[in-house]
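Engineer: Make a model of this:
(2 chains, ligands or ions: 3)
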Amino acid sequence: MTKEKKVSITIDNRKVEAKAKTTILQAARDNNIDIPSLCALEHLPSYGACRLCVVEVDGIRGFPTSCTTPVEDGMVIRTDTAEVRTLRQEVLKLLLSEHPASCLFCEEQTDCKNFQGTIRKVGVTTGCRYCPNDDMCELQEVTKKVGLTETSYPVYYRNFPVEKEDPFYDRDYNLCLLCGRCVRVCNDVRLNGTLSFKQRGKMTTIGPAFGRSHLEAGCEFCGACVAVCPTGALSAKASKWSGKPDEVVESTCPYCPIGCTLDLKVKAGEVVDVSADYDSPTEHGLICVKGRFAIPEYVLSPDRLARPTILKPEGYDFLPWEEALDEAAAKLKAAGPKNTFVVVSPQLSNEDLFVAQRFAREVIGTEAILSSVIFDLGSDLRSFVDLVVMSEQIDTIEETKGILTIGLDTTYGFTPLGIAVKKAAKKGAILVTVSEHECNLDMLSEEAFQSDAAKWPEFMDGIMKSMSGNGTRKSKAAAPLFKKGDRNVVIIGPDAVFSGKRKEIFERVLAMRDNLGWKVIVCHPYTNLMGMLAMGALPGLKPGGLKSDGVLKLKDPAGVVDLKQNRKVGYFIGEAPSPEMPKCEYLIYENALPAPSGFDPNLILPAGLFTESPGTTISSEGKILTFNRASAPFAESKPDWWIISGIAARMKKGALKYSSLAAIQSEIKKSIPGFSGKERRVPRKKVVMEGKAAAAGNPFGPCRDAAAPAAFRGVPLHDHVAGMKAIEERRHK
Amino acid sequence: MREYGLLGSNILDSDFSFEIKIKEGAGAFVCGEETALIGSIEGKRGMPRSRPPFPAIAGLFGSPTIINNVETLGTLPNILRNGPDWYTRFGKEGNRGTKTFSLVGKIRRPGLIEVQLGTTLREIIFDIGGGVQKPFKAIQTGGPSGGCLSEEFLDLTVDYESLASAGSIMGSGGLIVMDEDTCIVDLAKYFLDFTQKESCGKCVPCRVGTKHILEILQRITEGEGSPDDLLALRTLGDTIKKGALCGLGQTAPNPVLTTLRYFRNEYLEHIKDHTCRATVCKSLIEYRVIKEKCTGCQSCVRVCPTGAITGPRSEPHNLDASKCIKCRSCYEICRYDAIAGDAIVIRTAERQS
Ligand code: SF4
Ligand code: SF4
Ligand code: SF4
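Structural biologist: Numbering: from 1, shown residues only, chains lettered A, B, ... in the order given. Ligands and ions are numbered 1, 2, ... in the order given. Okay, the predicted model is just below:
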């Protein structure tokens, strides 16, 4: 490693070292010298608008802003002279004349904080709450730092209407400082370009150009702008008034296999808000709308299942856990192994999956461990798993020369990947998009092909032919773009995975990978599919099936169990029943939110969610990630593994008894490669299909709809998260 | 030019390539600032950015860039044709050559002029411009962000240093001549209104500060000012000059600061006496008919857009102040009788009595 170049500078009579090429502001902060600032922010290009970080530098005229001035060897900087201080105060006064300052200069401030006193004639003591950002506001901090105690200018309230029409967050530009952080994060970090400055002079404001709504302008609702806003101008609808969080818990997003790191903000024992972690090595904080906004409303849904419930002839009735577990055990035992099936969700944690498969195999004695993956993908499961297991890391995209996306739109999901593609394209990689409708990556693409999914295989043939020398006329445009020997990556999105032609598409992708050296990335909704493979939660696949040599021996589920056989008892663990799945007479439904209408479970077991019951999951890159506990269990709900082992204990004495998560984890460590290692990464190399193959085509009728809404544990997010409705509507337009 | 091999790649069979591309801007004032200009050419919003790095190091699309205005390029052919010695004959030590100005305002011969650097303002106004009809009052140099100089500066030579020492700038080469009919406070307000609207809105001092200055000037012209306002104007002006990001902001307070310096009395008249000696500030003036002089000619009745003046022919007219919008039409038209003189007068400072 080459050592970073350093320069030596003098700040306030102190000789300090600074990295070459940084700004004065950064150098000062690195050396614990505080310079107030409102528009500068790590990860964002410097801007120099708030003028609070002015300093004096020998040899530079006037008062340069430290956030924009690069350090030079031998520079002499003064950050705290009387003149600098006055200038800062004057500028801040001006700034505050555009911004309501009641929270900054209220005489009652201290008393109000201490006693929540108010002079209103009410019988209770209340504190004023005029701004969602109170107590967390950078403007409040900076005002204190700059030492301003009053402002002499009249306030020009700009009287903009508060914008509330778009989902997820509100915008009150009367509080806006025009620091431009949101504009920069949207354009320079998210590469989205929804936000820009509008108008000039005192009329300047922020928003999408041409007066469009955020939804129309292609906003991803990633909430990055909300997170960087130093004031209360932008605020998440759901958590607007919850105030300063008591605690922040680092966890993992459970909504897709990218597994972004999330900081869960906890207030009064509830997860009220979420923010991204820009230092996370996988997604670099570029989370999508689901991770950012769809968690609090889902986990705090008023529909959460609170107590064990049983269906009686006269209707539903609550019952204590003991009785509920007895009931489940009795029903499963009575039906016997041949007449029972278990359905697990690919969005369960490793621990829950591990316990669930053991339960099915060792307690019930069946291989009928079903899941939505099997029913969605049918006989294409093998090639799908092959592609998934061998998926590349997101980071590889940056170094590729050519990128081909098929059926991928990353507006409302897989944003870390989408942004990596955009970055690569900006840097000069050839990007070709293939999709049914316009997609968000088209803008930066060399060629954007819109056609019916039925034509995609043919198109891919064209690309392959062209790479081996003789291009067909049809894909001539795209043909010469990709060169053999270059680093190329093909990314298949959900629209391809769930298209009627996916069998053919998978075949092509496999050929591109194996014959032409393309790298492959698959975007799919099965969060812990890797965990299912490692834990052996598929028919005929034992735990540790993902061998330490990386070879996965997969049996065709249809060859192991009869997938169409209706049975007496069905035990759904964190999954909702669907019409493609086999029917059962007695339905045990273990989940956090109610089953879809049309299915009336006979027994309902309330399960805890990832914010309440910790666990691990495996990302598509094979990394083992952790869900940390952020809140207490909801009402009487219990972790999935607790419920399963409770039932097991009643069916077969001593067969399966876990008293803690740690006990499960130590067992997993013993039997599954990768878990105990330092790297916490499961091995991935090669998928081998064993046993007889099922008949071609999908045995379950039409495959899952590509347009199916985003769901977690079988429950569509938009049923419980208000803003997701608007997102789904827009997605289908 | 392409035909002659002067434009294109490898011009005149050399290994030098020369291309010209003309890019039309949308015409924002701030895009005259070089970094905003670059942004605008790049297809971005025309907003300045901080320097350093200077454009000569990282400018258009991040490449080293040299920015010249048309005037500079326009002088090149002559210098090339006649040689540098010829060119340096013009001007004075340290300020060589000539400069074009647009001479406008209350001057007899307005127009574009080119003078040697170092010419005095007096020469420009009275020789070249042919002088002023009414008594000379002030001259604004350097366009809307320049400074306003009073009579005592008439012998100032026009060069960069002299203008700067007087608190003004050479700027865009605008020279606006004013006579006693111009109200200085109103003038400052006019220029600030312009810069305030044209501020790109990026940095706080310029966006908010100019707005505050404008509001204070507005108050003063309405007779609502207080002596404290003058201090506030100074402080604001200084803050903006020191704190603003780009040239637009840094020079925007110039009209206020210079008029405060050279025409302080006029500000004080507005504030303390509630008079506007140039009879421009509408809130401070009132129109009246002087009954003894009015011949009842009806000219004013015809031009008054609101019907504020009434009265039968040949009898003194009546002016209803509540209807009057102070448009000045009657005052301008009332020239009927040389003996009677102007029968309609503009009185200031009556409001308060
Ligand atoms: S939510 Fe994301 S995409 Fe939308 S405006 Fe904010 S930063 Fe841009
Ligand atoms: S909305 Fe917030 S982040 Fe955006 S410019 Fe205004 S204050 Fe800054
Ligand atoms: S990209 Fe996937 S893991 Fe990341 S926030 Fe979105 S749904 Fe969660």
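Engineer: how about A:V343, phi and psi?
Structural biologist: Backbone torsions for A:V343, taken as degrees, to the nearest 10, come to phi -120, psi 120.
Engineer: excluding its backbone neighbours, what's nearest the closest residue to ligand 3 within the stretch 201-350 of chain A?
Structural biologist: In the stretch 201-350 of chain A, no residue comes nearer to ligand 3 than A:G291, which is 2.4 Å away by CB to the nearest ligand atom. Heads up, the C-betas are built off the backbone N, CA and C, glycines and all. Excluding its sequence neighbours, the residue lying closest to A:G291 (CB to CB, 6 or more residues apart in numbering or on different chains) is A:C253, at 3.8 Å.
Engineer: ok, back up a step: give me the number of residues near the residue of the stretch 201-350 of chain A closest to ligand 3?
Structural biologist: By other CB atoms under 10 Å in any protein chain shown, the residues close to A:G291 number 27.
Engineer: where does chain B dip in pLDDT?
Structural biologist: Applying pLDDT under 70 to chain B flags the ranges B:335-353.
Engineer: Can you show me the strands along the stretch 101-250 of chain A?
Structural biologist: All strands of the stretch 101-250 of chain A, identified by DSSP state E, counting those that start in this stretch, fall at A:169-171, A:196-198, A:205-207, A:234-236, A:247-252.
Engineer: Could you do the stretch 401-550 of chain A as well?
Structural biologist: Using DSSP E, counting those that start in this stretch, strands in the stretch 401-550 of chain A cover A:402-406, A:430-435, A:447-450, A:488-492, A:519-522.
Engineer: What would the fourth one look like as CSV? C-alpha coordinates only.
Structural biologist: What follows is strand A:488-492 as a C-alpha-only set of coordinates in CSV (Å, rounded to 0.1, in the frame of the first residue of the first chain):
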residue,chain,number,x,y,z
ASN,A,488,-19.0,-8.4,-18.8
VAL,A,489,-21.9,-8.8,-16.4
VAL,A,490,-25.5,-9.8,-17.1
ILE,A,491,-28.0,-8.9,-14.4
ILE,A,492,-31.4,-10.6,-14.5
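Engineer: tell me the SS of the residue of the stretch 201-350 of chain A closest to ligand 3?
Structural biologist: With DSSP: H, G, I helix; E, B strand; the rest coil as the basis, the three-state label of A:G291 is helix.
Engineer: Enumerate every residue touching it.
Structural biologist: By CB atoms under 8 Å, 6 or more residues apart in numbering or on different chains, the contact set of A:G291 is A:253, A:255, A:260, A:262, A:274, A:276.
Engineer: What is the host helix or strand of the fourth one packed up against?
Structural biologist: If I follow you right, that is A:L262. Assessed by DSSP states H and E, A:L262 sits inside strand A:261-267. When contacts are defined as 3 or more CB pairs under 8 Å, 6 or more residues apart in numbering or on different chains; DSSP states H and E, strand A:261-267 sits against strand A:247-252, strand A:270-276.
Engineer: give me that answer again for 10 Å
Structural biologist: strand A:247-252, strand A:270-276, helix A:289-293, helix A:296-299, strand A:624-627 (3 or more CB pairs under 10 Å, 6 or more residues apart in numbering or on different chains; DSSP states H and E).
Engineer: quick check: mean pLDDT across that strand?
Structural biologist: Taken as a whole, strand A:261-267 has a mean pLDDT of 95.
Engineer: go on, stretch A:483-498?
Structural biologist: Mean pLDDT, computed over stretch A:483-498, is 89.
Engineer: How about that stretch and ligand 3, touching?
Structural biologist: No: for a cut-off given as CB under 6 Å from any ligand atom, stretch A:483-498 has no contacts with ligand 3; the smallest distance is 11.9 Å.
Engineer: For the stretch 551-700 of chain A, which segments count as helices?
Structural biologist: Ranges of helices in the stretch 551-700 of chain A, per DSSP state H, counting those that start in this stretch, are A:557-560, A:640-651, A:661-671.
Engineer: how about CSV for these, with mean pLDDT added?
Structural biologist: Supplementary listing: these in CSV, determined by pLDDT from 0 to 100:
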stretch, mean pLDDT
helix A:557-560, 85
helix A:640-651, 95
helix A:661-671, 91
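Engineer: Just say which of these is most tucked in.
Structural biologist: Counting by mean count of other CB atoms under 10 Å in any protein chain shown, helix A:640-651 has the highest mean neighbour count of the helices of the stretch 551-700 of chain A, with a mean of 24.
Engineer: ok, back up a step: give me the phi and psi angles of the residue nearest to A:G291.
Structural biologist: phi -80, psi 130.
Engineer: Let me see the contact set for it.
Structural biologist: A:259-262, A:264, A:274, A:276, A:283, A:287-288, A:290-292, A:294-295, A:527, A:610, A:617, A:619, A:625, A:627 (CB atoms under 10 Å, 6 or more residues apart in numbering or on different chains).
Engineer: For the residue nearest in space to the middle of chain A, give me the pLDDT.
Structural biologist: Taking CA atoms, centre = their mean, the centroid of chain A lies closest to A:G291, which sits 3.5 Å from it. On the pLDDT scale, A:G291 is placed at 96.
Engineer: what's the longest helix in chain B?
Structural biologist: Once chain B is assigned using DSSP state H, the helix that runs over the most residues is helix B:227-243.
Engineer: From A:V520, how far off is A:A424?
Structural biologist: 16 Å (CB to CB, to the nearest Å).
Engineer: more neighbours, those two?
Structural biologist: A direct count of neighbours by other CB under 10 Å for A:A424 and A:V520 places A:A424 higher, at 22 against 19.
Engineer: so what's residue 25 up against?
Structural biologist: Here I'm looking at chain A. A:33, A:35-37, A:40, A:46, A:53, A:55, A:65-69, A:71, A:79.
Engineer: um, chain B though
Structural biologist: Residues near B:G25 by CB under 10 Å, 6+ apart: B:31-32, B:36-37, B:40-41, B:46.
Engineer: Shouldn't it be within a strand?
Structural biologist: No: counting by three-state DSSP, B:G25 falls outside a strand, being coil.
Engineer: That one and ligand 2, how far apart?
Structural biologist: As judged by CB to the nearest ligand atom, to the nearest Å, B:G25 and ligand 2 stand 25 Å apart.
Engineer: For that residue, grab phi and psi.
Structural biologist: phi -90, psi 170.
Engineer: from what I can see B:G62 touches B:R49, true?
Structural biologist: No: between B:G62 and B:R49 there is no contact under CB atoms under 10 Å: 11.8 Å.
Engineer: quick one: which of these two has more around it?
Structural biologist: Higher neighbour count among B:G62 and B:R49: B:R49, with 21 against 11, using other CB under 10 Å.
Engineer: Please report the distance of that one from A:V71.
Structural biologist: Distance of B:R49 to A:V71, given as CB to CB: 18 Å.
Engineer: can you check A:V490 too?
Structural biologist: Using CB to CB, A:V490 is found at 44 Å from A:V71.
Engineer: repeat for A:K547
Structural biologist: Applying CB to CB, the value for A:K547 to A:V71 is 53 Å.
Engineer: Low-confidence bits of chain A, can you list those?
Structural biologist: A:1-3, A:109, A:112-113, A:115-129, A:469-480, A:691-704.
Engineer: Find the closest residue to chain B in it.
Structural biologist: In chain A, the residue that lies nearest chain B is A:T204 (2.8 Å; CB to the nearest CB).
Engineer: contacting residues for that residue?
Structural biologist: So A:T204 contacts A:158, A:173, A:176, A:178, A:197-198, B:47, B:199-202, B:207 (CB under 10 Å, 6+ apart).
Engineer: residues touching the closest residue in space to it that isn't next to it in sequence, list them.
Structural biologist: What sits nearest to A:T204 in space, not counting adjacent residues and going by CB to CB, 6+ apart, is B:G201, at 2.8 Å. Residues counted as contacts of B:G201 (CB under 10 Å, 6+ apart) are A:49, A:178, A:180, A:197-205, B:30, B:45, B:47, B:207-208.
Engineer: Show me the contacts of B:G25 that map onto helices.
Structural biologist: Using DSSP H, the subset of those located in helices is B:36-37, B:40-41.
Engineer: so is the closest residue to chain A within the stretch 201-350 of chain B in a helix, a strand, or just coil?
Structural biologist: In the stretch 201-350 of chain B, the residue that lies nearest chain A is B:G201 (2.8 Å; CB to the nearest CB). When classified by three-state DSSP, B:G201 comes out as coil.
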